[in-house]
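Student: Model the following, please.
(chains A, B, C and D)
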Protein chains: 2
Amino acid sequence: MAATLRDVAKLAGVSFKTVSNVINDYPHVRPATREKVERAIAELGYKPNLNARSLRSGRTDTVALAVPELNLSYFAELAGMVIAAAEESGLTVVVEQTGGDRDRELALLRSPRLSMTDGLILSPLGMGQEDADALEVPFPLVLLGERTFDWPCDHVTMRNVEAARAATEYLLASGRRRIAVIGEYEGEVMGSARLRLRGYREALAAHDVPYDASLVVRATLWHRADGARAMHELLDRDVPFDAVFGFNDTMALGAMRVLQEAGRRVPEDVAVIGFDDLDEAAYSIPSLTTVDPGREWLARTALETLLARIAETGPKQPPRTELADFTIVERESAPKN
Amino acid sequence: MAATLRDVAKLAGVSFKTVSNVINDYPHVRPATREKVERAIAELGYKPNLNARSLRSGRTDTVALAVPELNLSYFAELAGMVIAAAEESGLTVVVEQTGGDRDRELALLRSPRLSMTDGLILSPLGMGQEDADALEVPFPLVLLGERTFDWPCDHVTMRNVEAARAATEYLLASGRRRIAVIGEYEGEVMGSARLRLRGYREALAAHDVPYDASLVVRATLWHRADGARAMHELLDRDVPFDAVFGFNDTMALGAMRVLQEAGRRVPEDVAVIGFDDLDEAAYSIPSLTTVDPGREWLARTALETLLARIAETGPKQPPRTELADFTIVERESAPKN
DNA sequence: GCAGAATTCTACAACGATGCAAACCGGTGC
DNA sequence: GCACCGGTTTGCATCGTTGTAGAATTCTGC
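Tutor: Now for the predicted structure:
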């Protein structure tokens, strides 16, 4: 089996605690001793058993990240960024998929699996206000992305309302007046869909454009297929529209595809704007104008916030809420004018 | 702090070992005792400390999955599938990103972090034959995707040569003769790029179409931007071509975008075929004909193979090689004729 | 050359769980 | 009435590490 501290100690001719001291950079170790120990470590290829270390020290240097599914590019890219940021701090990341399902989110929050981690970054989707007290957990927890309830808990998110409002105003400024929306999700109380819809309505109101419910199409999951389905539904409704605001890029791309199949030119007949600024938005045909919600910043900040909470020793600090800045990325599907 | 076995034991009025027996479904526990213990567990909200359990039992019920980056949809979707499959077996998955970088792949194989897992599923990219003995590791290891060297090690992959050959023949059958290829990677000896190129050449040879190196464009990373860059390069070369075979969908989509920007019609002027069958391939404009390499099967099989190796007790079984079946998914970018 | 203060090293007890083997307990069989 | 037998419960050692406290060694100043 793998070498342990004691094996190294025996080889180096010191007590096993000294080996531990060397590994942990304990200051008072004579250079000669240190070198002897290091040679023994190298010779045996000793690697510390992190489980034992965790058990003893109480720290695992592992964090859990729970997202709906990696199949959604937004979450895949976000997860990639969180993992990269964690790697920089020497942390390991356990990735969990909840499917955006309430029960699985709740189960995760209670799961013993989390005892192997120092904390959790959760992107909740399915949970609602009635589940808020499930967030009363005995470990550091950071919500990443819109929370669907009111609860004092660290929270890193984007300016959904403002960004959606800006996106809508961008379309309005380019002369569009009949702006359809894809991604509304009626069951949801405080999630992204609701907030983005609010931003949309604020923009309309600010420009005296009447809100028309027949331009709003719901989609609970935000996959490409949902965007496509929503666009079919919109076309079937046979209401005129000259722009589409997809609540995420994936749906916007799905919708854009259907739009063009149906013979509508983008952007001449219909402008399309998305939300997320996925990698692929720059390469679609036409390329997709979208909102960059500041994902890189979100990922890093979520991790930093979690680490700060983990490092916390004294009395509990009040919950933090961090908001990313957004920008609108202009591309072909919705030119400025 | 969290409740331990002893706390539960005290509350239930039994020895802590009995509590352990209840938790582990040890058969000889009187129903009355079991119930008493279970009540105490529920009352205290006891959750086993998995670190302690792992230390003692040697099993972590966690596996590591290392892919180049989640930013590449292929790997994101693959990772999602592996995690989902692991979840079904009650396993946790640690995700590592290597960036396809040789040094990081090697570092990972030697990392103490793996002591927190029961085994590793690795998608190697950067390592080469000279690193083969780095695969001599003291834990179960399964290579997922093409291996870049010859080494007796469990290996789950796709039929790269045959699939590439089939893709090329598909294009030939539709009358194309000048088929460009994007994704060749000269440094690589045995990886996917080489194998797919071989399949391409076999198909050409079988149909007496001469191989023309000026139609082959290299790309070391297989991002959308690489596909776009490669297509620019190809257009700059000013050689005639009537089809493009992208070694993955992401590049094919990037290339298709550039192609259309340049005024070439897809598929009328140039047919495009990809490889991977990503979600988005069905929604691009035009939708992308591609090779489905059997990812779902790959993900599940990789995990199963790893689990079998972990469960292994007796003498080491010989390494397994598992090959997924592929299919060609016909879409608009390359119609059958 | 020696006391006293640093410095360096070691011993022992945890962390919270599981495996083993022994102890217990009530009932049988003789 | 006693040995014996399952089924049931328990005690102890142990996994590999770190924290604390104290022992051993070296260094300093006189």
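Student: Okay, strands next: where are they in chain A?
Tutor: A:62-67, A:92-97, A:119-122, A:141-144, A:154-158, A:179-184, A:216-218, A:243-246, A:271-273, A:290-292, A:321-324, A:327-329 (DSSP state E).
Student: Can you say which of these is packed in most?
Tutor: Each of the strands of chain A was scored by mean neighbour count; the highest is strand A:243-246, a mean of 30, by mean count of other Cβ atoms under 10 Å in any protein chain shown. In this view, the C-beta of every residue, glycine as well, is placed from N, C-alpha and C.
Student: Please identify the residues of the stretch 101-250 of chain A in proximity to chain B?
Tutor: Residues of the stretch 101-250 of chain A lying near chain B by Cβ under 8 Å from any Cβ of the partner chain: A:110, A:112-113, A:115-116, A:138, A:223-224, A:228.
Student: do that again at 7 Å, thanks
Tutor: By Cβ under 7 Å from any Cβ of the partner chain, the residues of the stretch 101-250 of chain A that approach chain B are A:112-113, A:115-116, A:138, A:224, A:228.
Student: Show me those residues that map onto helices.
Tutor: Here DSSP state H is the test, and those give A:224, A:228 as lying in helices.
Student: Save the strands of chain A as CSV, and put in distance to residue B:232 and mean pLDDT too.
Tutor: Converted to CSV, the strands of chain A look like this (distance: least, Cβ to Cβ, whole Å; pLDDT from 0 to 100):
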stretch, distance to residue B:232, mean pLDDT
strand A:62-67, 34, 98
strand A:92-97, 35, 98
strand A:119-122, 39, 97
strand A:141-144, 37, 96
strand A:154-158, 34, 95
strand A:179-184, 33, 96
strand A:216-218, 37, 95
strand A:243-246, 29, 98
strand A:271-273, 25, 98
strand A:290-292, 23, 98
strand A:321-324, 33, 94
strand A:327-329, 21, 97
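Student: is it possible to export the ones you listed to JSON lines including distance to DNA strand C?
Tutor: Shown next, in JSON lines, are these (distance: least, Cβ to the nearest atom of the strand, whole Å):
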{"stretch": "strand A:62-67", "distance to DNA strand C": "16"}
{"stretch": "strand A:92-97", "distance to DNA strand C": "19"}
{"stretch": "strand A:119-122", "distance to DNA strand C": "17"}
{"stretch": "strand A:141-144", "distance to DNA strand C": "20"}
{"stretch": "strand A:154-158", "distance to DNA strand C": "24"}
{"stretch": "strand A:179-184", "distance to DNA strand C": "43"}
{"stretch": "strand A:216-218", "distance to DNA strand C": "45"}
{"stretch": "strand A:243-246", "distance to DNA strand C": "47"}
{"stretch": "strand A:271-273", "distance to DNA strand C": "51"}
{"stretch": "strand A:290-292", "distance to DNA strand C": "44"}
{"stretch": "strand A:321-324", "distance to DNA strand C": "32"}
{"stretch": "strand A:327-329", "distance to DNA strand C": "47"}
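Student: so who does the residue sitting nearest the centre point of chain A touch?
Tutor: Ranked by distance to the mean C-alpha position of chain A (Cα atoms, centre = their mean), the top residue is residue A:78 at 4.9 Å. When contacts are counted by Cβ atoms under 7 Å, 6 or more residues apart in numbering or on different chains, residue A:78 is found next to A:67, A:295, A:299.
Student: In contact with the second one, which residues?
Tutor: Going by Cβ under 7 Å, 6+ apart, residue A:295 touches A:77-78, A:81.
Student: what about 6 Å?
Tutor: residue A:78 (Cβ atoms under 6 Å, 6 or more residues apart in numbering or on different chains).
Student: just the one 5 residues further on next, same as before
Tutor: Taking Cβ under 6 Å, 6+ apart, we find residue A:300 in contact with residue A:85.
Student: Distance of it relative to residue A:85?
Tutor: Distance of residue A:300 to residue A:85, given as Cβ to Cβ, to the nearest Å: 5 Å.
Student: how close does the residue nearest to residue A:286 when sequence neighbours are not counted get to DNA strand D?
Tutor: In space, and not counting its chain neighbours, residue A:286 is closest to residue A:332: 3.5 Å by Cβ to Cβ, 6 or more residues apart in numbering or on different chains. Per Cβ to the nearest atom of the strand, to the nearest Å, residue A:332 is found 55 Å from DNA strand D.
Student: Equivalent analysis for residue A:166, please.
Tutor: Distance, residue A:166 to DNA strand D, by Cβ to the nearest atom of the strand: 49 Å.
Student: ok, that residue - how many residues close by?
Tutor: Residue A:166 has 17 neighbours, counted by other Cβ atoms under 10 Å in any protein chain shown.
Student: How about the contacts made by it?
Tutor: Listed by Cβ under 6 Å, 6+ apart, the contact set of residue A:166 reads residue A:328.
Student: Around DNA strand C, pick out the residues from the stretch 101-250 of chain A.
Tutor: Contact residues, the stretch 101-250 of chain A versus DNA strand C (Cβ under 7 Å from any atom of the strand): none.
Student: Look up the closest residue to residue A:162, ignoring the ones flanking it.
Tutor: Closest residue in space to residue A:162, ignoring its immediate chain neighbours: residue A:199 at 6.4 Å, by Cβ to Cβ, 6+ apart.
Student: these two touch, right, the one you found and residue A:159?
Tutor: No - Residue A:199 lies out of contact with residue A:159 (Cβ atoms under 6 Å); the separation is 8.7 Å.
Student: So which of those two has more stuff around it?
Tutor: Here residue A:199 and residue A:159 are set side by side on neighbour count (other Cβ under 10 Å), and the busier one is residue A:199, at 22 against 18.
Student: mind checking how far the more buried one is from residue A:166?
Tutor: 8 Å.
Student: same deal with residue A:56?
Tutor: On the measure of Cβ to Cβ, residue A:56 and residue A:166 end up 51 Å apart.
Student: what about residue A:107, how many residues close to it?
Tutor: 13.
Student: List the residues that contact it.
Tutor: If you count contacts by Cβ under 6 Å, 6+ apart, residue A:107 has none.
Student: For residue A:115, the count of nearby residues, please.
Tutor: Residue A:115, neighbours per other Cβ under 10 Å, totals 18.
Student: for residue A:124, same thing?
Tutor: Neighbours of residue A:124 (other Cβ under 10 Å): 27.
Student: For chain A, list the residue farthest from the centre, please.
Tutor: Chain A, Cα atoms, centre = their mean, max distance from centroid: residue A:13 (49.9 Å).
Student: confidence score at that one?
Tutor: With respect to pLDDT, residue A:13 scores 88.
Student: now the closest residue to residue A:75 other than its chain neighbours, which residues is it bridged with?
Tutor: Counting by Cβ to Cβ, 6+ apart, residue A:75 lies nearest to residue A:67, which is 4.1 Å off, once chain neighbours are set aside. Taking DSSP bridges as the rule, residue A:67 bridges to residue A:97.
Student: Tell me who's in contact with residue A:67.
Tutor: Residues A:75, A:79, A:123 are the ones in contact with residue A:67 under the rule Cβ under 6 Å, 6+ apart.
Student: looking at it, the last one is touching residue A:147, isn't it?
Tutor: Same thing as residue A:123. No - judged on Cβ under 6 Å, residue A:123 makes no contact with residue A:147 at a distance of 9.6 Å.
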